[in-house]
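Undergrad: model this:
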Amino acid sequence: GVLVEGLGTFCIVQEPVHLGEEGLLLVRRPIFKLGMKMVPVGSAVALTLSLCLADRIKIEPLNYQVLSLFISFPRHIIQDCVEETIRLFSFHLEKKHNVAFVFRDIGVLTCQGDTLYMMFYASCIKRLEKRASLIAALRS
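TA: The predicted structure is shown next:
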């Protein structure tokens, strides 16, 4: 999993999908857990947290140095951009504005009123689970 400080954690969980008489298939699917500072107490996000912990997924912080190698910008510029974007998104969450936060090649984090959800792109799910991409996409 990857922790984006101030926003939340992206991780992959494996879960069984029952195929009726054909048996059981394990599929991998993405999960996003909003950072606890941004989540009201009693939120359904606690379920996602327990899923990540139950799978004993290793969570690492976002590696700005590796990102800088891929996109050819200095590390400090990338980190400043990420932090500023998170502050802007947090501001809109606090004000309960309808806002969408797009993660290229991953999906869209959307806030509408009191509802916050992460919608992963089908292409992201297919990259995670080549054997059962249709089932994984349906389950997510």
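Undergrad: so is Ile12 in a helix, a strand, or just coil?
TA: What DSSP: H, G, I helix; E, B strand; the rest coil gives for Ile12 is strand.
Undergrad: For it, give me its contacts.
TA: Residues counted as contacts of Ile12 (Cβ atoms under 8 Å, 6 or more residues apart in numbering) are Gly1, Arg28, Arg29, Pro30, Ile31, Ile57, Leu128. (Glycine included, C-beta is placed from N, CA and C.)
Undergrad: Return the members of the residues you listed classed as buried.
TA: Gly1, Arg28, Arg29, Pro30, Ile31, Leu128 (16 or more other Cβ atoms under 10 Å).
Undergrad: and these, which of them are in helices?
TA: When DSSP state H is applied, these are split such that Leu128 fall in helices.
Undergrad: May I ask which helix or strand of this structure has the lowest mean pLDDT?
TA: Here the helix or strand of the chain ranked lowest by mean pLDDT, DSSP states H and E is helix 45-54, holding a mean of 46.
Undergrad: Which ones among the buried ones among the contacts of Ile12 lie within strands?
TA: Within the buried ones among the contacts of Ile12, residues falling in strands by DSSP state E are Arg28, Arg29, Pro30, Ile31.
Undergrad: can I get the residues you listed in CSV with pLDDT?
TA: CSV is the format used below for these (pLDDT from 0 to 100):
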residue, pLDDT
Arg28, 77
Arg29, 79
Pro30, 84
Ile31, 85
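Undergrad: pLDDT score assigned to the residue nearest in space to the middle of the chain?
TA: The centroid of the chain falls nearest to Phe32 when counting by Cα atoms, centre = their mean (2.9 Å). For Phe32, the model assigns a pLDDT of 85.
Undergrad: which ones are touching it?
TA: Gly8, Thr9, Phe10, Thr48, Gly107, Leu109, Met118 are the contacts of Phe32 under Cβ under 8 Å, 6+ apart.
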